[in-house]
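Novice: give the three-dimensional model of this entry:
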Amino acid sequence: MNVAQRIAEERVIAIVRLEDLSEARRISEALLEGGVSVVEFTLTNPDALRVIENVREDVGGLLLGAGTVLDEQAAYAAIMAGASFLVTPTVAPGVVEQGLRYGVPVICGGMTPTELLHAHSLGCEMVKVFPAGALGPGFLKDLRGPLPQLRLIPTGGIQVSNVAAFLEAGAVAVGVGSALVSADKSPEEIAETASRFAAEARRVAGG
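Specialist: Numbering: from 1, shown residues only. Below you'll find the model as predicted:
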């Protein structure tokens, strides 16, 4: 199973955007315990690359990616650290180029049909719709009418209460940030919340 297939099967990407990553291993284990095995550590934290390396070695069963990858240099560093996929907040041709060079999928972010189709044309198998919470599930349904080739991952504002609506509107997966992982959540709370997201994803998938 390749990375895109794995993400499409799991349907939930946990986005870890924290100022303190000292508990990254425990957070990763909690997510896995709850049934979320695709995890993105954002490069807004300077320790993220080291964390990706360490978690990759210490916690089996996870698919780890790097988020907020802004340029070619960051993309290369993330790939060397062992990231299995890269996520950008905008359409970033240089990052996509690095990903294609090393066989690492890139999920570029965009909001408009033009941005999302451009990302797809550059070689992104999946594209991130951001900010999804402001746009709503209906936006995805409207996009998929004229652009059914886009594999959409809405991110931003995804909650347990609306994840099913986004998946039912045609999202291949969702990116979930602070609703799943935040500084005020214990590992036990993260595991419990992850289980709720995973259950909703299974329910929509029919199983």
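
Novice: what lies in contact with the host helix or strand of residue 79?
Specialist: Using DSSP states H and E, residue 79 sits within helix 72-81. Residues from elsewhere that reach helix 72-81 (Cβ atoms under 8 Å, 6 or more residues apart in numbering): 43, 49-50, 52-53, 66, 69, 86, 94-95, 97-99, 102, 104, 106. In short, each C-beta sits where N, CA and C put it, glycine included.

Novice: now swap in stretch 45-58 and tell me
Specialist: The contact list for stretch 45-58, computed with Cβ under 8 Å, 6+ apart, reads 17-19, 21, 24-25, 28, 39, 41-43, 62, 64, 66, 77-78, 81-83.

Novice: which parts of the helix or strand of the chain with the lowest mean pLDDT are buried?
Specialist: Ranking every helix and strand in the chain by mean pLDDT, DSSP states H and E puts helix 132-135 at the bottom, with a mean of 94. Neighbour counts using 16 or more other Cβ atoms under 10 Å place 132, 135 of helix 132-135 among the buried residues.

Novice: distance between stretch 172-189 and the chain's centre?
Specialist: Put simply, stretch 172-189 sits 12 Å off its chain's centre (Cα atoms, centre = their mean, to the nearest Å).

Novice: got the end-to-end distance for it?
Specialist: The straight-line separation of the ends of stretch 172-189 (Cα to Cα, to the nearest Å) is 26 Å.
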